[in-house]
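In: Predicted structure and sequence below. I'll ask about it afterward.
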Amino acid sequence: MLRGMYSAISGLKMHQSMLDVTANDIANVNTIGYKGSRTTFTDQLSQLQSAATAPGPGSGGRNPGQIGLGVQFGSIDNLMGGGALQATSNVLDLAVQGEGWFRIKAQGPADPDTITADAGPADTYTRAGNFTRNANGFLVTQNGGYLLGSKDGAPAYLKVPNGASNMTVSAAGEVTYVPAAGGARESAGFLTLAKFANEGGLERASTNLWRVTGASGPEVLGDAGGLPGTAGLGGTISGVVEMSNVDLATEFTELISAQRGFQANSRVISTSDEMLNELVNLKR
């Protein structure tokens, strides 16, 4: 009876965690670039009651007899499918049509007149393309992270000088503008994108950002349009953002499953308690 009760307790804990994961997905249904999660369970160790035996001259053999000892987490999977695209008409709202991720640096250059970027990997990555410009003209996330790109073949921060007008971002990821003094259109550089051997292994870093882990593998650099000598990781669309990929129909189904699983395990505990009560009352 106690064994069954403790198995049910493990079921309560796991279904509560399943509810937590599902609730977080529902809470982020309108979060730009958000990727949903999925919970899976595995059984815990089983207690052997009778060992398996092979067939013999006087016996046909016997299968093992085991009693399970509950449930545990199998995984919490990141679901990396694309979300719906939403038009905004804001030139700095960008979406990637493909597998690429925007590359973000936490810190910008010490000298605001310098655009050269550290040649090392980005600090974080995102699919949330609702970018803006800071006071120095650099393209940044809504939380101040610097968007990385390249200019003249070298790593660079993307900067549009103050006073510039008519800024555009092409499908190849090139950021161009008309200088404040007028004249020919100039280029601020190209967006650089990253992909990973296992993007499901990325770690959430909050504020729509993700970090590299040993499971994801290092970043593989590319660009938005497949420039010569590079790997194109998807075209960019300006004036559009990628929304959350959470499917509410699926999430509410998961919510019901978590609720019923929790309810069923609580009934097991109640039944075990009633049986213990009967056992205690054997002595009158």
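Out: Yep, it's here.

In: contacts, neighbours, all on C-alpha from now
Out: OK.

In: quick one: buried residues of stretch 86-99?
Out: Val91, Leu92, Asp93, Leu94, Ala95, Val96, Gln97, Glu99 (16 or more other C-alpha atoms under 10 Å).

In: Contacts only, for the second one.
Out: Just to be clear, that refers to Leu92. Gly129, Asn130, Phe131, Thr132, Val169, Ser238, Gly239 (C-alpha atoms under 8 Å, 6 or more residues apart in numbering).

In: now swap in the fifth one and tell me
Out: Counting by C-alpha under 8 Å, 6+ apart, Ala95 touches Leu85, Arg127, Ala128, Gly129, Thr236, Ile237, Ser238, Val240, Val241, Glu242.

In: redo that, cut-off 7 Å
Out: Under the criterion of C-alpha atoms under 7 Å, 6 or more residues apart in numbering, the contact list for Ala95 reads Gly129, Thr236, Ile237, Ser238, Val240, Val241, Glu242.

In: so what's it bridging to?
Out: Following DSSP bridges, Ala95 is listed with bridge partners Ile237.

In: Now do it, the pLDDT please.
Out: In this prediction, Ala95 carries a pLDDT score of 95.

In: Pull out the buried residues from the one helix or strand Gly74 maps to.
Out: Per DSSP states H and E, Gly74 falls inside strand 71-78. By 16+ other C-alpha under 10 Å, the buried positions in strand 71-78 come out as Val71, Gln72, Phe73, Asn78.

In: same question for that strand, mean pLDDT?
Out: Rounded mean pLDDT across strand 71-78 is 92.

In: So which elements touch that strand?
Out: Under the contact criterion of 3 or more C-alpha pairs under 7 Å, 6 or more residues apart in numbering; DSSP states H and E, strand 71-78 touches helix 2-27, strand 37-43.

In: Thr236 is in contact with Val96, correct?
Out: Yes. Counting by C-alpha atoms under 7 Å, Thr236 is a contact partner of Val96 at 4.7 Å.

In: Tell me where the stretch 101-250 of the chain is predicted with low confidence.
Out: Within the stretch 101-250 of the chain, the stretches with pLDDT under 70 are 226-232.

In: Excluding chain neighbours, what is closest to Leu12?
Out: Closest residue to Leu12 apart from its sequence neighbours, by C-alpha to C-alpha, 6 or more residues apart in numbering: Phe262 at 5.2 Å.

In: So which of the contacts of Leu92 belong to strands?
Out: Thr132, Val169, Ser238 (DSSP state E).

In: who's in contact with the strand ranked longest in the chain?
Out: Ranked by residue count and defined by DSSP E, the top strand of the chain is strand 186-195. Outside strand 186-195, the residues that touch it by C-alpha under 7 Å, 6+ apart are 99-103, 148-151, 158-160, 173-178, 219-224, 233.

In: Same check on stretch 149-161?
Out: Here stretch 149-161 has contacts from 115-119, 137-139, 147-148, 188-192, using C-alpha under 7 Å, 6+ apart.

In: switch to 6 Å and redo it
Out: 115-117, 119, 137-139, 148, 188-192 (C-alpha atoms under 6 Å, 6 or more residues apart in numbering).

In: Between which two of those residues is the distance greatest?
Out: The most widely separated members of the contacts of stretch 149-161, counting by C-alpha to C-alpha, are Ala119 and Gly137 (20.8 Å).

In: More neighbours: these two, which one.
Out: Gly137 (17 against 9; other C-alpha atoms under 10 Å).

In: And the more buried one, how close does it get to Leu158?
Out: To Leu158, Gly137 is 8 Å away according to C-alpha to C-alpha, to the nearest Å.

In: so how far is Gly200 from Val21?
Out: Going from Val21 to Gly200 by C-alpha to C-alpha gives 16 Å.

In: for the stretch 151-284 of the chain, what spans make up the strands?
Out: 154-157, 165-169, 174-178, 186-195, 203-204, 210-211, 220-223, 235-238, 240-242 (DSSP state E, counting those that start in this stretch).

In: Would you reformat those as TSV and include mean neighbour count and distance to Gly36?
Out: Formatted as TSV, the strands of the stretch 151-284 of the chain follow (neighbours: other C-alpha atoms under 10 Å; distance: least, C-alpha to C-alpha, whole Å):
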stretch	mean neighbour count	distance to Gly36
strand 154-157	21	30
strand 165-169	17	28
strand 174-178	20	30
strand 186-195	23	19
strand 203-204	17	11
strand 210-211	18	13
strand 220-223	20	23
strand 235-238	23	22
strand 240-242	24	13
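
In: Please consider this matter closed, and thank you.
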